[in-house]
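Enquirer: Structure for the following, please:
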Amino acid sequence: MESQLGQPNFLSILFFFLFVAFTLGVTYWAAKKTKTSSEFYAAGRSITGFQNGLALSGDFMSAASFLGISGMVALKGYDGMLYAVGWLVGWPALLFLVAEPLRNLGKFTFADVVAYRLKQKPIRIAAAIGGILVTLTYSIAQIVGSGKLINLMFGLPYEIAVITVGVVMLLYVLFGGMIATTWVQIIKACLLLFGVTLLTVLSLSHFGFSLENLYGAVDQKFGKSSLEPGGLVANPIDAISLGLALMLGLLGLPHILMRFYTVPDAKEARKSVAYATTFIGYFYLIIPIVGFSAAVLIGREPIANIDKGGNMAAALLAELLGGTLLMGFIAAVAFATILAVVAGLTLAAASTISHDIYVNVVKGGKATEGEEVGLAKKATIAFGILSILFGILFKDQNVAFLVGLAFAVAASGNFPALFLSIVWKNFSTVGGVVSILTGSVSAVLLIILSPTIWVDVFGFEKAIFPLKNPAVVSMTLSFFSAFVFSKFFPEETAQKLYESEKIRTYLGIGAE
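Expert: Below you'll find the predicted structure:
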């Protein structure tokens with residue numbers, strides 16, 4: 001079958017413009033409701049648990065989830081599902097460890113929680129560095145993915161594709177703030193769940209709606225090894241390290257944590273995680289079926305010929321099963337996926353710069369609403385331009401390592417400090433600052449020295465650091481430094497405030 005990928009496709013372009021026009025209409029509506037900083041960052045805390053659950057799943061099911069996992073399963077078999085399982089397992093941990101304390105202690109960003117009983121300026125600066133490192137690496141991966149997608153779908157040059165994504169995303173965030181971003185994520189989650197369900201049903205119809213027949217066909221065509229572990233990660237320590245990053249990285253992603261401030265109270269925060277886990281669990285259960293079906297019905301070679309990483313497996317399968325109409329719809333859904341995630345990331349970065357750095361560090365907590373929202377909008381433009389430039393710079397890089405890097409940095413830099421600030425009485429400002437910086441910097445350094453960059457990108461023969469994902473080392477360093485420096489530099493005021501923090505954490509008294 002001759003694929004239409006890479007040639008301008010009228011239906012893809014039509015679906016794409018319909019989605020953008022509709023969501024810009026939503027942004028126009030949201031702009032009228034977005035006046036205060038609470039409305040800009042947290043949608044006025046007016047989102048219900050169910051709506052926030054859908055928006056959370058929309059924020060989380062990124063291009064890496066949809067295009068990446070289906071492609072990885074198509075080309076690598078069973079091990080491609082590692083990412084699906086790793087990303088899903090993080091949600092119960094988020095529910096039991098972080099969701100409720102986060103909503104009760106914070107106002108707009110996760111740094112509010114870490115800084116609750118510690119010295120404001122040093123801890124907020126460190127948390128801002130960790131947060132921006134994560135949001136930037138994560139958004140580069142999304143923007144590179146979107147550039148490749150539009151480049152293949154519409155035949156547009158890569159650079160123009162990246163600039164288009166950046167401009168549309170800036171419109172959402174600048175004018176509609178969190179209200180527009182939330183509704184874009186809800187619309188996108190519904191479209192994505194519908195699109196993947198349709199692909200799964202059409203794929204299974206080729207195998208008599210029997211998973212046994214599908215896996216039998218995989219076994220016949222590619223051998224038993226495709227259905228057994230070891231195809232992607234053979235080293236057990238590497239597997240543990242990747243699992244830790246995927247699972248606990250979720251608990252340090254600023255754009256996910258920020259969503260807990262959009263609900264009115266801790267009860268709705270818990271509900272939203274339960275709904276999100278349900279939607280995401282369903283999505284990750286069926287996405288491997290799409291990957292295996294693509295491998296059998298299209299073949300691994302044709303998939304790899306179009307994109308080495310296999311990222312176009314889902315689009316090729318859609319074209320085979322439903323012609324250019326279905327391919328156009330799936331392409332538009334994939335694009336919507338990227339736009340919604342990048343909008344969430346940009347808003348998280350803008351809130352870090354304006355709320356954490358400007359209001360609490362520069363102004364000592366004494367800025368007006370107008371000043372704060374004005375600076376947030378300037379930060380949004382700066383972050384958007386930076387993302388576009390990095391997207392163009394990283395054009396030929398593998399986006400998978402960027403997503404892995406974002407999760408490793410989040411698990412090593414943000415998660416330990418956030419977790420310890422909630423549960424450990426003796427946690428001090430020095431311990432927090434050193435923990436965040438040690439985790440973030442060691443994760444970035446070790447990824448550069450790992451086979452992913454040292455060998456695959458720089459072309460050296462042997463990597464200095466043997467593991468592909470550094471979380472097992474960098475996260476351990478982060479926890480260890482938090483413990484040691486909190487013991488050497490204890491803080492009496494932080495210990496005294498712990499009891500009142502505990503009451504607010506569990507009872508929600510005084511929560512904003």
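Enquirer: and stretch 290-306, how far out from the chain's middle?
Expert: 26 Å (Cα atoms, centre = their mean, to the nearest Å).
Enquirer: Name the residues of that stretch that are buried.
Expert: Neighbour counts over stretch 290-306 (16 or more other Cβ atoms under 10 Å) mark 290-298, 300, 303-304, 306 as buried. Just so you know, the C-beta spots here come from the backbone N, C-alpha and C atoms, and that holds for glycine as well.
Enquirer: Out of the residues you listed, which sit inside helices?
Expert: 290-297, 300, 303-304, 306 (DSSP state H).
Enquirer: just the buried residues of stretch 290-306 now: which is nearest Met81?
Expert: Within the buried residues of stretch 290-306, the smallest distance to Met81 is 8.3 Å, found for Gly291 (Cβ to Cβ).
Enquirer: Can you show me the helices along the stretch 251-400 of the chain?
Expert: 254-257, 266-297, 300-306, 313-351, 369-393, 399-409 (DSSP state H, counting those that start in this stretch).
Enquirer: closest one to His206 among those helices?
Expert: Each of these has some distance to His206 by Cβ to Cβ; the shortest is helix 266-297, at 6.4 Å.
Enquirer: Show me what that closest one is packed up against.
Expert: Packing contacts for helix 266-297, counted by 3 or more Cβ pairs under 8 Å, 6 or more residues apart in numbering; DSSP states H and E, involve helix 49-60, helix 69-76, helix 81-94, helix 100-105, helix 158-205, helix 211-222, helix 313-351.
Enquirer: what angle sits between it and helix 211-222?
Expert: 50 degrees (axes from the mean of the first three to the mean of the last three Cα atoms, to 10 degrees).
Enquirer: Buried residues, helix 266-297. List them.
Expert: For helix 266-297, burial by neighbour count (16+ other Cβ under 10 Å) applies to 266, 268-273, 275-277, 279-280, 283-284, 286-297.
Enquirer: Which residue lies nearest the spatial centre of this protein?
Expert: Centroid check for the chain by Cα atoms, centre = their mean gives Phe60 as the closest residue, at 5.0 Å.
Enquirer: surely it meets Trp87?
Expert: Yes - with contact defined as Cβ atoms under 8 Å, Phe60 reaches Trp87; the gap is 7.5 Å.
Enquirer: list residues touching both of those two?
Expert: 250, 280 (Cβ atoms under 8 Å, 6 or more residues apart in numbering).
Enquirer: Which pLDDT does the model give the closest residue to Gly384 other than its chain neighbours?
Expert: Nearest residue to Gly384 in three dimensions, chain neighbours excluded: Leu170, at 4.5 Å (Cβ to Cβ, 6 or more residues apart in numbering). At Leu170, the pLDDT value in this model is 82.
Enquirer: what's the neighbour count on Leu170?
Expert: Neighbour count for Leu170, taken as other Cβ atoms under 10 Å: 21.
Enquirer: For Glu499, see how far away it is.
Expert: For Leu170, the distance to Glu499 (Cβ to Cβ, to the nearest Å) stands at 44 Å.
Enquirer: now do Met72
Expert: Distance from Met72 to Glu499, counting by Cβ to Cβ: 48 Å.
Enquirer: Output the helices and strands packed on helix 266-297 in CSV; the columns should cover distance to Pro466.
Expert: Converted to CSV, the helices and strands packed on helix 266-297 look like this (distance: least, Cβ to Cβ, whole Å):
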stretch, distance to Pro466
helix 49-60, 30
helix 69-76, 20
helix 81-94, 19
helix 100-105, 35
helix 158-205, 33
helix 211-222, 29
helix 313-351, 30
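Enquirer: out of the ones you listed, which comes closest to Phe480?
Expert: Of all the helices and strands packed on helix 266-297, helix 81-94 comes closest under Cβ to Cβ, at 20.5 Å.
Enquirer: hmm, who's touching stretch 439-448?
Expert: 129-130, 133, 401, 404-405, 408-409, 411-414, 416-417, 453-454, 465, 467, 469-471, 473-475, 477-478, 481.
Enquirer: Near the closest residue to Ala63 other than its chain neighbours, how many other residues are there?
Expert: Distances taken as Cβ to Cβ, 6+ apart put Gly145 closest to Ala63, at 3.9 Å, once the chain neighbours are dropped. Counted with other Cβ under 10 Å, residues neighbouring Gly145 total 30.
Enquirer: quick one: Gly145 from Thr137, how far?
Expert: From Gly145 over to Thr137 (counting by Cβ to Cβ), the distance is 13 Å.
Enquirer: same thing with Ala269?
Expert: Taking Cβ to Cβ, one finds Ala269 at 26 Å from Thr137.
Enquirer: Please give the centre-to-centre distance between stretch 262-278 and its chain.
Expert: Computed by Cα atoms, centre = their mean, the chain-centroid distance of stretch 262-278 equals 18 Å.
Enquirer: just to revisit the earlier point, check contacts around the residue nearest to the centre of the chain.
Expert: By Cβ under 8 Å, 6+ apart, Phe60 lies in contact with 87, 250, 256, 276, 280.
Enquirer: now Ala482
Expert: Ala482 makes contact with 416-417, 420, 427, 431-432, 434-435, according to Cβ under 8 Å, 6+ apart.
Enquirer: how would you label it: helix, strand or coil?
Expert: What DSSP: H, G, I helix; E, B strand; the rest coil gives for Ala482 is helix.
Enquirer: Make CSV out of the ones in helices among the buried residues of stretch 290-306 and add pLDDT and distance to Ala141.
Expert: Formatted as CSV, these follow (pLDDT from 0 to 100; distance: Cβ to Cβ, whole Å):
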residue, pLDDT, distance to Ala141
Val290, 93, 21
Gly291, 93, 19
Phe292, 94, 24
Ser293, 94, 25
Ala294, 93, 22
Ala295, 92, 24
Val296, 93, 28
Leu297, 92, 28
Arg300, 86, 24
Ile303, 86, 20
Ala304, 85, 20
Ile306, 80, 20
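Enquirer: nearest to Glu491, of those residues?
Expert: Of those, the one sitting nearest to Glu491 (Cβ to Cβ) turns out to be Gly291, at 50.0 Å.
Enquirer: Looks like that closest one contacts Ile69 (just checking).
Expert: Yes - using Cβ under 8 Å, Gly291 makes contact with Ile69 at a distance of 6.8 Å.
Enquirer: where do the contact lists of the two overlap?
Expert: Both Gly291 and Ile69 are in contact with Gly80, where contact means Cβ under 8 Å, 6+ apart.
Enquirer: secondary structure element for Ser500?
Expert: Assigned by DSSP states H and E, Ser500 belongs to helix 492-507.
Enquirer: hmm, back to that, ok, the residue nearest to Ala63 touching Thr337?
Expert: No - assessed by Cβ under 8 Å, Gly145 is found out of contact with Thr337, at 9.0 Å.
Enquirer: Quickly list what's touching both of those two.
Expert: Listed as contacting both Gly145 and Thr337 by Cβ under 8 Å, 6+ apart are Ala63.
Enquirer: Low-confidence ranges, this protein, go.
Expert: Confidence mapping of the chain against pLDDT under 70 gives the ranges 1-9, 34, 38-39, 41-44, 64, 396-402, 508-512.
Enquirer: Need the contact partners of the host helix or strand of Gly25.
Expert: Gly25 is part of helix 10-33 when elements are defined by DSSP H and E. Applying Cβ under 8 Å, 6+ apart, the external contacts of helix 10-33 come out as 39, 44, 153-154, 168, 171-172, 175-177, 179-180, 183-184, 187, 191, 324-325, 327-329, 331-332, 335-336, 339.
Enquirer: Just the buried subset of those, please.
Expert: For those, a burial check counting by 16+ other Cβ under 10 Å picks out 39, 44, 153-154, 168, 171-172, 175-177, 179-180, 183-184, 187, 191, 324, 327-329, 331-332, 335-336, 339.
Enquirer: Among the buried residues of stretch 290-306, which pair sits farthest apart?
Expert: Top of the distance list for those (Cβ to Cβ): Phe292 and Ile306, 18.1 Å.
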